[in-house]
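Colleague: Structure of the sequence below:
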Amino acid sequence: MPLDRASRASHAAITGWIGQAQKLSLDRASRASRATITGWIGQAQTLSLDRASRASGFSLIEVIVVIAILAVMAGVAVPTVDLLQTRARSDRTVEQMEVLKEALQDYFVDHLSYPGALSDLEGDGYILSSFGAGDAFLDGWGNGLDYEKTGSRVVVTSLGPDQTPSPDDIVLAVDGRRILRVETRQNIATIHLALEQYQADRDDLGLLPLPALWYDANPSACAMGILVGDGYLANDPRFRADAWGTDFLYAGSPSVHVTSENM
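Modeller: Numbering: from 1, shown residues only. I've put the predicted structure just below:
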């Protein structure tokens with residue numbers, strides 16, 4: 001009997017120790033779990049705060065990067081805009097010069113010479129300004145055009161935005177020699193018809209031979225004077241000289257041709 005009691009007491013003690021050990025293990029596991037969960041919650045809160053901080057503003061590095069990108073874009077855009085503006089003004093100047101070219105050619109056809117100044121084109125009605133007097137003679141930059149006349153040739157120049165001579169200047173050259181040649185040929189053709197008719201009538205009507213002098217102040221001493229006097233040619237200054245103002249040359253009868261030393 002005493003042994004049974006001792007055995008039961010020992011068994012009870014051992015069972016109690018096991019229960020306490022299990023309880024202790026559960027408590028430790030519970031505390032470890034709570035620590036783990038608490039750690040996760042802390043990390044989540046920290047992550048949320050970091051995200052909120054980033055969402056609420058930019059860092060200094062981010063601002064510097066954005067400014068650098070904008071500076072590069074501006075460095076590319078500004079020269080491009082300037083280039084486009086320069087091209088537009090150049091195109092406008094070229095168009096303006098084409099209008100001037102037509103006006104100068106029309107003036108030359110009528111006068112066989114170019115005007116002393118560009119403003120004469122507007123005064124004589126060969127060109128009209130769009131808004132105010134003289135604006136037809138401004139380039140795309142609003143500057144006046146240079147005008148140089150040399151004989152039967154003129155040069156109109158735009159010095160561009162810098163207003164100094166350079167290879168980039170826009171130049172218009174108009175040469176009237178072609179017009180002078182056309183005018184001279186037309187007048188010579190009329191003279192030849194008159195000479196042919198005179199020479200054809202010369203034998204039949206007993207007309208005098210024409211002298212080897214085309215023009216002279218004494219009409220009876222020159223071929224032109226005789227043709228005009230007998231009604232074969234009109235008394236027109238165009239038949240005295242070529243378009244350059246030089247008297248025609250004539251070899252005398254029986255020739256039916258006059259020549260120009262400028263052609």
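Colleague: How many neighbouring residues does the residue nearest to residue 117 when sequence neighbours are not counted have?
Modeller: Distances taken as C-beta to C-beta, 6 or more residues apart in numbering place residue 147 nearest to residue 117, at 6.5 Å, with adjacent residues excluded. C-beta: built from backbone N, CA, C; applies to glycine. Using other C-beta atoms under 10 Å, residue 147 is surrounded by 19 other residues.
Colleague: in the sheet, who's paired with residue 147?
Modeller: residue 156 (DSSP bridges).
Colleague: how near is it to residue 75?
Modeller: Remark: distance between residue 147 and residue 75 (C-beta to C-beta, to the nearest Å) = 40 Å.
Colleague: hang on, the earlier thing: I'd guessed the residue nearest to residue 117 sits against residue 119; true?
Modeller: No - Residue 147 is beyond contact range of residue 119, at 9.3 Å (criterion: C-beta atoms under 8 Å).
Colleague: Against which helices or strands is the helix or strand hosting residue 200 packed?
Modeller: Element membership for residue 200, per DSSP states H and E: helix 177-205. Counting contacts by 3 or more C-beta pairs under 8 Å, 6 or more residues apart in numbering; DSSP states H and E, helix 177-205 packs against helix 60-111, helix 223-229, strand 258-259.
Colleague: ok, back up a step: list the contacts for the residue nearest to residue 117?
Modeller: 117, 118, 154, 155, 156 (C-beta atoms under 8 Å, 6 or more residues apart in numbering).
Colleague: Swap in 7 Å and give it another go.
Modeller: Contact analysis of residue 147 by C-beta atoms under 7 Å, 6 or more residues apart in numbering lists 117, 118, 154, 156.
Colleague: burial of the first one, as a residue count?
Modeller: What it means is residue 117. Neighbours of residue 117 under the rule other C-beta under 10 Å: 12.
Colleague: again with the second one
Modeller: As a burial measure, residue 118 scores 22 neighbours (other C-beta under 10 Å).
Colleague: And it, how far from residue 154?
Modeller: 9 Å.
Colleague: Between the contacts of residue 147, which sits nearest residue 98?
Modeller: Of all the contacts of residue 147, residue 98 sits closest to residue 156, with 10.9 Å by C-beta to C-beta.
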